[in-house]
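Trainee: Build me a model from this:
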Amino acid sequence: MKIAIAAIFLIALSPTNYLFAQSASSLLNTDSGAEFPVSVERRLGDRIVRNLYRDPDYLDDLVLADYLQSIWQPLLASARKRNEITPELDAAFAWQLLQGRDRNVNAFALPGGFFGIHLGLLGVVSSRDELASVLAHELSHVTQRHIARLTSKQSDQAPWLVGAMILGALAASKNPGGANAVIVGGQAAAAQSQLNFSRDMEREADRTGFGVASDAGFSPAGFVSMFEKLQQNNRNNDTGNFPYLRSHPLTTERIADMKSRIPEGASTAPTDTLEHAMVSARARLLSNPSVDALRNWYSETEPGLLAKSTSSQKVASLYGATLAAIKLRDFSRALAYSNSLQTLVASYAPAARQSRYLRAELFMAEGKPDAALSILGFNAAPKTRADLLLWIPLKVATGQADIAADAAQLWLIDNPTDASMWQQLASARASQGRLVAAVRAEAEVNIAYFDYAAAVSRLKAAQSLYRSSSQNADHIEASIVDVRLRQVEQLLREQAVER
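Mentor: Take a look at the predicted model:
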């Protein structure tokens with residue numbers, strides 16, 4: 001399931017994502033990958049992802065990110081335990097998922113341990129196990145150094161030229177003529193000739209991913225059902241809606257191999273179907289938020305239709321209709337849908353948590369932060385990222401910016417590249433009146449996205465604020481700004497050399 005992703009990356013399933021991911025595949029051969037150093041592969045990944053962060057389709061939805069991480073982290077732990085992720089790779093690579101708003105069904109892996117997930121894929125998979133099979137497969141392309149092996153094959157091409165070809169393929173997916181501005185000379189033909197991983201690499205990723213997902217506790221049947229689902233759509237793939245099929249051609253042999261690996265008597269029942277149905281509905285809605293598409297969700301809640309639906313279908317319809325009503329600012333309708341949804345999932349903890357998030361989102365949009373905080377029910381700062389990203393802006397909105405800032409700062413100590421949390425900290429600092437710290441936090445957002453030029457601009461703005469008579473009391477923050485400015489200016493010079 002290879003494509004030049006994301007964390008997710010973001011352009012995975014569209015022609016853009018497909019070609020982009022495919023171009024990343026043009027980096028490998030069947031050698032060990034030792035000729036392509038880990039450090040160089042990571043820098044190449046950083047270079048590519050820097051451009052993906054600027055793509056309009058990139059997003060960091062906290063609910064989807066939280067759900068993806070609930071699958072991704074067990075997969076990473078399993079790969080480490082099986083020594084698929086060596087200590088060297090673990091320290092050097094990002095292991096980061098990125099989300100793309102694209103409605104095409106795709107996922108992909110990039111150099112340096114970046115992975116992309118299209119919302120179209122999240123909207124199609126039927127269970128956590130199917131999604132885990134896709135992520136495990138893509139993870140295995142990276143742990144087995146397939147990208148490095150393909151890159152090593154192109155021994156006559158500099159890594160940065162390979163990166164240019166990947167970005168050119170990405171541009172071509174959105175604008176066929178745009179690739180000419182990025183891909184150099186006749187190298188485009190070389191990239192096009194090696195869009196796919198070899199069959200041996202695909203089989204290796206199947207086998208390794210199967211073991212990783214199974215050891216992580218996911219049903220091994222997820223691989224089979226996912227492959228069968230993709231194969232069923234193969235005959236309708238002329239539209240390009242399943243670019244994953246083009247980059248990962250499925251064969252009867254591969255599907256049979258996965259079936260043969262399921263232990264006799266193993267459970268094939270999917271897990272947490274209600275929660276997954278809600279997340280899938282969210283992905284479908286966010287991938288197509290037009291007014292007409294939002295209103296179409298209302299029709300899925302008609303009593304006659306709901307009466308014929310399964311529990312998962314009912315939950316998905318009510319969740320989607322609630323979120324659609326929130327986006328359309330039809331709050332009374334959203335509350336009615338939310339009440340019905342809450343009743344349906346009350347006995348299922350993971351689904352009830354998703355319902356609670358959605359209800360808090362409703363009250364936040366309605367301008368009722370106190371009610372939203374009451375729904376979340378935290379007496380102290382929560383521990384998970386999704387909870388914090390919901391809780392912090394509510395604390396700011398209710399006049400508790402000091403508490404919000406402390407919570408964000410504490411999280412960032414262990415997660416210094418979390419751009420969304422830096423943005424929340426910037427908002428909290430501004431509410432505190434600490435404008436130097438707020439602008440510095442905005443610079444950290446740019447740094448997390450590898451946009452060093454923008455970061456330098458914001459850090460210089462923070463220096464100017466400090467030198468003004470009204471902001472010159474924050475001496476510690478000013479010292480941090482000075483140090484960070486020197487560091488980022490150096491990174492910017494290194495970027496210029498790479499170009």
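
Trainee: shaky segments in this protein?
Mentor: 1-35, 151-198, 232-251, 265-272, 469-473, 499 (pLDDT under 70).

Trainee: can you give me the strands for it?
Mentor: With DSSP state E, the ranges of strands along the chain come out as 58-59, 96-100, 107-110, 114-118.

Trainee: Pick the most deeply packed of those strands.
Mentor: strand 107-110 (a mean of 35; mean count of other C-beta atoms under 10 Å). For every residue, glycine as well, the C-beta is placed using N, CA and C.

Trainee: tell me what that strand is packed against?
Mentor: helix 15-25, helix 38-52, strand 114-118, helix 128-143 (3 or more C-beta pairs under 8 Å, 6 or more residues apart in numbering; DSSP states H and E).

Trainee: could you redo the last one with a cut-off of 6 Å?
Mentor: strand 114-118, helix 128-143 (3 or more C-beta pairs under 6 Å, 6 or more residues apart in numbering; DSSP states H and E).

Trainee: So which of the ones you listed is nearest E253?
Mentor: helix 128-143 (15.8 Å; C-beta to C-beta).

Trainee: now could you export just the CA positions of that closest one as CSV?
Mentor: In CSV, the C-alpha atoms belonging to helix 128-143 read as follows (Å, rounded to 0.1, in the frame of the first residue of the first chain):
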residue,chain,number,x,y,z
ARG,A,128,-9.8,-0.9,13.0
ASP,A,129,-8.3,-4.2,11.8
GLU,A,130,-8.6,-3.2,8.1
LEU,A,131,-7.0,0.2,8.8
ALA,A,132,-4.3,-1.5,10.9
SER,A,133,-3.5,-3.8,7.9
VAL,A,134,-2.9,-0.8,5.7
LEU,A,135,-0.8,1.0,8.2
ALA,A,136,1.2,-2.1,9.0
HIS,A,137,1.9,-2.7,5.3
GLU,A,138,3.1,0.9,4.8
LEU,A,139,5.2,0.7,8.0
SER,A,140,6.9,-2.4,6.7
HIS,A,141,7.9,-0.7,3.5
VAL,A,142,9.9,1.7,5.7
THR,A,143,11.2,-0.8,8.3
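
Trainee: What is it packed up against?
Mentor: Using 3+ C-beta pairs under 6 Å, 6+ apart, helix 128-143 is in contact with helix 62-81, strand 107-110, helix 199-215, helix 221-232.

Trainee: A351 versus the residue nearest the centre of the chain, what's the distance?
Mentor: The residue lying closest to the centre of the chain (C-alpha atoms, centre = their mean) is L98, at 2.4 Å. Distance, L98 to A351, using C-beta to C-beta, to the nearest Å: 26 Å.

Trainee: Export the helices and strands packed on helix 128-143 to a markdown table and append columns for distance to A324.
Mentor: Supplementary listing: the helices and strands packed on helix 128-143 in a markdown table, determined by distance: least, C-beta to C-beta, whole Å:
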| stretch | distance to A324 |
| --- | --- |
| helix 62-81 | 15 |
| strand 107-110 | 26 |
| helix 199-215 | 33 |
| helix 221-232 | 26 |
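
Trainee: Need the winner for burial among the ones you listed.
Mentor: Using mean count of other C-beta under 10 Å, strand 107-110 ranks as the most buried of these, with a mean of 35.

Trainee: in its sheet, what does that one sit against?
Mentor: Here strand 107-110 has these sheet partners by DSSP bridges: strand 114-118 (antiparallel).

Trainee: quick one: the partner strand to helix 62-81, angle?
Mentor: Relative orientation of strand 114-118 and helix 62-81, computed by axes from the mean of the first three to the mean of the last three C-alpha atoms, to 10 degrees: 140 degrees.

Trainee: Tell me how far strand 114-118 lies from the chain's centre.
Mentor: 5 Å (C-alpha atoms, centre = their mean, to the nearest Å).

Trainee: what does stretch 307-326 give?
Mentor: 24 Å.

Trainee: what sits up against that stretch?
Mentor: With contact meaning C-beta atoms under 6 Å, 6 or more residues apart in numbering, stretch 307-326 is reached by 273-274, 277-278, 281, 285, 294, 297-298, 300-301, 306, 333-334, 337-338, 340-341, 344, 358, 362, 365.

Trainee: could you flag which of those are buried?
Mentor: 273-274, 277-278, 281, 285, 294, 297-298, 300-301, 333-334, 337-338, 340-341, 344, 358, 362 (16 or more other C-beta atoms under 10 Å).

Trainee: circling back to that earlier point, pick the most buried one from the helices and strands packed on strand 107-110.
Mentor: strand 114-118 (a mean of 32).

Trainee: what's the angle from it to helix 38-52?
Mentor: Going by the same axes, to 10 degrees, strand 114-118 makes 30 degrees with helix 38-52.

Trainee: how about the CA coordinates for strand 114-118, as CSV?
Mentor: Output in CSV follows, covering the C-alpha atoms of strand 114-118 (Å, rounded to 0.1, in the frame of the first residue of the first chain):
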residue,chain,number,x,y,z
PHE,A,114,6.7,9.8,7.3
PHE,A,115,3.3,8.3,6.4
GLY,A,116,0.3,9.7,4.7
ILE,A,117,-3.4,8.7,5.1
HIS,A,118,-6.2,10.1,2.9
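
Trainee: The residue nearest to F227 when sequence neighbours are not counted: neighbour count?
Mentor: Distances taken as C-beta to C-beta, 6 or more residues apart in numbering place I255 nearest to F227, at 4.8 Å, with adjacent residues excluded. I255 has 18 neighbours, counted by other C-beta atoms under 10 Å.

Trainee: Would you mind confirming that I255 makes contact with S225?
Mentor: No - look at I255 against S225 with C-beta atoms under 6 Å: they stay out of range, at 10.3 Å.
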